[in-house]
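Visitor: following is a predicted model, sequence given first.
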Amino acid sequence: MSEASFVVTGATGWLGRRVVRALTQGHAEMAEAGKGGHKLRILAAPGEAADDLAALGAEVMYGDIRDTATAKSLMRGADGATVLHLAGLIHPKTPKDFMAVNFHGVRHVVEAAQGARRVVVMSSNSPIGASRNPHEVFDEDSPYHPYMGYGRSKYAMEQWLRRRIEAGTAPELTIIRAPWFYGPEQPARQTRFFSMIKDGKFPLMGKGENRRSLGYVDSLAYGILLAAAAPIAAGRIYWLADARPYPMWEIISTVRAVLRDDFGLTVKPDTVHAPAVISDVARIADWGLQALGLYNQQIHVLSEMNLTIACSITRAQRELGYHPLTDLREGMRRSVAWVLEHGGRI
């Protein structure tokens with residue numbers, strides 16, 4: 001593989017597919033970072049559909065990053081390549097899978113990538129945690145407060161990567177933290193989010209003044225590609241998201257307006273208002289279930305709904321020249337349009 005080549009894990013995921021398309025086909029909104037034409041090797045889990053990515057010219061390998069042999073095969077002949085490690089586990093069958101994928105999987109890839117030019121690793125807001133203070137905004141120097149099993153696995157991953165950075169071991173490493181995604185090629189869980197808002201069933205906890213940072217998926221892809229290329233990004237951590245965090249009431253109101261005004265859907269004018277304590281109870285239940293080795297996605301999501309998870313993108317703007325590609329209203333419009341154009345129902 002040439003020095004201009006990329007290796008991408010998690011390529012069949014929501015974000016991964018957008019990154020692969022930008023690297024192969026190009027993306028006009030990303031300027032030089034999205035010029036396309038790159039040679040790629042990608043990793044897909046056994047059974048995942050990757051024919052569309054192979055049709056774009058990507059070399060597809062199948063395997064599991066929990067297996068060291070898979071990581072070694074993936075990186076064979078890839079000296080000088082840029083590795084974008086986007087594979088990760090958000091909602092597992094059991095909590096023990098968090099560490100197996102999000103920590104050990106990263107370790108396997110990085111250790112196999114000694115000849116790579118740089119490895120950009122996708123982290124999350126979860127190692128830093130959440131706040132009850134709607135005015136708090138996290139930056140790259142905010143202290144760690146991992147949230148549940150997912151947060152602990154990403155915390156362990158970041159700590160291991162930072163020790164390698166401090167030791168000066170190869171390859172160069174860059175850590176990206178991203179919050180909730182939204183945008184085209186979304187999974188079913190995002191479509192359910194739209195449907196619940198349309199039907200007036202999405203719960204707004206308290207007054208909905210807690211704030212959430214969101215990231216339009218192509219903006220995140222753009223930031224990742226900037227971080228992969230910039231010399232200054234070696235050994236650095238960056239938050240990538242939209243320009244500002246949004247109060248929950250604004251997110252729901254924006255989606256409602258898009259569904260109603262842009263697509264003519266019948267949208268209930270109100271949403272469910274629930275006491276914020278319901279999220280507190282869900283958080284206790286989530287903690288208890290995970291302590292028992294169990295995981296429930298609905299309870300986990302509900303447990304976060306009254307919390308603030310807001311970040312600053314100032315460092316990425318200053319050092320990488322990063323800027324969000326669109327605003328919340330237009331990004332949500334594109335997301336809904338993609339669902340409807342591909343036969344989905346909201």
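Guide: Structure received.
Visitor: every contact and neighbour count from this point should use C-alpha atoms.
Guide: Fine.
Visitor: surely L173 forms part of a strand?
Guide: Yes: judged by DSSP: H, G, I helix; E, B strand; the rest coil, L173 forms part of a strand.
Visitor: surely it and E158 touch.
Guide: No: if you go by C-alpha atoms under 8 Å, L173 and E158 don't touch, sitting 10.6 Å apart.
Visitor: quick one: end-to-end distance for stretch 261-269.
Guide: End-to-end distance for stretch 261-269: 12 Å, by C-alpha to C-alpha, to the nearest Å.
Visitor: show me the contacts for E209.
Guide: Residues in contact with E209, defined by C-alpha atoms under 8 Å, 6 or more residues apart in numbering, are 134, 247-249.
Visitor: report the longest helix in this structure, please.
Guide: helix 148-167 (DSSP state H).
Visitor: what helices and strands are in contact with that one?
Guide: If contacts are counted by 3 or more C-alpha pairs under 8 Å, 6 or more residues apart in numbering; DSSP states H and E, helix 148-167 sits against helix 96-98, strand 172-177, helix 277-291.
Visitor: quick one: contacts of that helix?
Guide: Contacts of helix 148-167 (C-alpha under 8 Å, 6+ apart): 89-90, 95, 98-99, 102-104, 106-107, 123-129, 144, 146, 172-173, 175, 235, 287, 290.
Visitor: and these, which are buried?
Guide: The neighbour-count test (16 or more other C-alpha atoms under 10 Å) marks 89, 95, 98-99, 102-104, 106-107, 123-129, 146, 172-173, 175, 235, 287, 290 as buried among the contacts of helix 148-167.
Visitor: hang on, the earlier thing: from the helices and strands packed on helix 148-167, which stretch is densest packed?
Guide: strand 172-177 (a mean of 24; mean count of other C-alpha atoms under 10 Å).
Visitor: I'd say P127 and P146 touch.
Guide: Yes: P127 lies in contact with P146 (C-alpha under 8 Å); the separation is 4.1 Å.
Visitor: re the thing from before, need the helices and strands packed on helix 148-167 in CSV with mean pLDDT, can you?
Guide: Output for these, formatted as CSV (pLDDT from 0 to 100):
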stretch, mean pLDDT
helix 96-98, 96
strand 172-177, 98
helix 277-291, 97
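Visitor: just tell me which of the ones you listed ends up closest to V119.
Guide: strand 172-177 (5.0 Å; C-alpha to C-alpha).
Visitor: so of the contacts of E209, which ones are in helices?
Guide: Reading helices off these with DSSP H, I get 248-249.
Visitor: out of the contacts of E209, the closest to E185 would be?
Guide: Using C-alpha to C-alpha, M248 is the member of these that lies nearest E185, at 22.8 Å.
Visitor: of the helices and strands packed on helix 148-167, which is nearest A50?
Guide: It's helix 96-98; of the helices and strands packed on helix 148-167, that one is closest to A50 (C-alpha to C-alpha) at 23.3 Å.
Visitor: can you give me the buried ones in whichever helix or strand comes after that closest one?
Guide: For helix 96-98, the succeeding helix or strand toward the C-terminus, using DSSP states H and E, is helix 106-112. Buried residues in helix 106-112, counting neighbours by 16+ other C-alpha under 10 Å, are found at 106-110, 112.
Visitor: how about stretch 143-150?
Guide: Quick answer for stretch 143-150 (16+ other C-alpha under 10 Å): 145-150.
Visitor: now stretch 208-222
Guide: Result for stretch 208-222 [16+ other C-alpha under 10 Å]: buried residues 208-222.
Visitor: how about I309, what does it touch?
Guide: Here I309 is in contact with 125, 129-131, 137-138, 179, 211-213 (criterion: C-alpha under 8 Å, 6+ apart).
Visitor: please repeat the previous calculation with a cut-off of 6 Å.
Guide: I309 makes contact with 130, 212, according to C-alpha atoms under 6 Å, 6 or more residues apart in numbering.
Visitor: dig out what it forms beta bridges with.
Guide: R212 (DSSP bridges).
Visitor: could you pull out the helices for the stretch 1-150 of the chain?
Guide: 14-24, 51-54, 68-75, 96-98, 106-112, 148-167 (DSSP state H, counting those that start in this stretch).
Visitor: for the least confident helix or strand in the chain by mean pLDDT, packing partners?
Guide: The helix or strand of the chain with the lowest confidence, counting by mean pLDDT, DSSP states H and E, is strand 272-274 at a mean of 89. Here strand 272-274 touches strand 203-205, going by 3 or more C-alpha pairs under 6 Å, 6 or more residues apart in numbering; DSSP states H and E.
Visitor: quick one: contacts of the strand it packs on?
Guide: 272-276, 306.
Visitor: now distance to R189 too, for the helices of the stretch 1-150 of the chain, in a markdown table please.
Guide: Output for those, formatted as a markdown table (distance: least, C-alpha to C-alpha, whole Å):
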| stretch | distance to R189 |
| --- | --- |
| helix 14-24 | 12 |
| helix 51-54 | 22 |
| helix 68-75 | 29 |
| helix 96-98 | 19 |
| helix 106-112 | 25 |
| helix 148-167 | 18 |
